[in-house]
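> the sequence isn't on hand, but the structure is:
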């Protein structure tokens with residue numbers, strides 16, 4: 001199949017330092033996803049020769065909150081030099097600010113029209129910023145049932161509506177199928193609907209958030225659907241290894257991921 005496969009270095013090989021995780025993922029032919037790059041040795045990461053597909057694109061504020069949306073833009077601009085140094089294509093943002101463990105910093109359990117309009121306007125401003133520097137901001141859908149309660153406009157249908165309303169080439173969707181399965185299901189039709197706006201796809205199985213084949217999602221079926229509609233972008237494994245944090249478990253998770261998407 002014609003997908004570019006990536007793996008999140010933050011969730012695999014937890015017993016190794018980050019640079020060694022990147023080297024191991026890269027050595028097996030995968031691109032690399034990163035989360036927060038602040039305080040990391042960027043030169044060491046760059047020296048691994050890995051191709052980096054995405055990283056966190058902000059560290060403060062909420063794009064749906066008119067009082068803190070400017071913080072999203074300011075923090076994004078501070079991170080752009082790191083993205084450019086690492087050759088990163090997509091900078092990931094969320095519908096609100098995430099704190100410890102992915103929890104909402106300011107939980108909101110009811111979305112409003114003002115939030116929707118603020119989110120759209122903030123994404124438009126991010127699109128202008130991305131165009132200026134040559135990066136894409138990717139809005140990730142989240143589940144509010146298990147991992148991210150209190151995040152407004154987080155479901156895939158909402159993030160898709162926001163991204164499509166902005167309609168800017170430097171604003172795309174980070175379509176996370178793990179989150180979508182928990183919150184919505186119907187993954188193949190979701191892929192079909194979202195495809196024109198997708199910048200990258202992330203996967204993990206449900207329950208457990210581990211590699212394909214450990215839960216209920218038919219990822220070979222999803223892969224076939226992606227092939228049928230001509231998707232040639234990145235599919236990233238943002239998952240824990242079912243066998244733990246060691247090297248053998250990480251290798252097995254990557255092998256299972258590759259088998260699901262390259263069979």
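Now that the structure is in, tell me what you want to look at. Predicted model only: the values in this text are computed from it and were never measured. Numbering: from 1, shown residues only.

> how about the helices of this structure, start to end?
In the chain, the helices defined using DSSP state H lie at 18-27, 42-47, 69-86, 113-133, 156-166, 177-183, 187-194, 219-228, 247-262.

> save these as TSV, and put in mean pLDDT, mean neighbour count and distance to residue 144 too.
C-betas here are computed from N, CA, C, even on glycine. As requested, the helices of the chain are exported to TSV (pLDDT from 0 to 100; neighbours: other CB atoms under 10 Å; distance: least, CB to CB, whole Å):
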stretch	mean pLDDT	mean neighbour count	distance to residue 144
helix 18-27	98	19	29
helix 42-47	98	14	32
helix 69-86	98	18	20
helix 113-133	98	18	14
helix 156-166	98	20	10
helix 177-183	96	24	7
helix 187-194	96	17	16
helix 219-228	96	17	22
helix 247-262	97	19	26
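
> residue 5: which of these is closest?
Shortest distance between residue 5 and those, using CB to CB, is found for helix 247-262: 6.2 Å.

> about what we covered before: would you reformat the helices of the chain as a markdown table and include distance to residue 93?
Formatted as a markdown table, these follow (distance: least, CB to CB, whole Å):
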| stretch | distance to residue 93 |
| --- | --- |
| helix 18-27 | 22 |
| helix 42-47 | 20 |
| helix 69-86 | 7 |
| helix 113-133 | 7 |
| helix 156-166 | 10 |
| helix 177-183 | 15 |
| helix 187-194 | 16 |
| helix 219-228 | 23 |
| helix 247-262 | 25 |
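
> who wins for proximity to residue 4 among those helices?
Among those, the nearest to residue 4 by CB to CB is helix 247-262 (10.1 Å).

> out of the helices of the chain, which is closest to residue 36?
With CB to CB as the yardstick, what comes closest out of the helices of the chain is helix 69-86 (9.0 Å).

> how far off centre is that closest one?
Distance of helix 69-86 from the chain centroid (CA atoms, centre = their mean, to the nearest Å) equals 16 Å.
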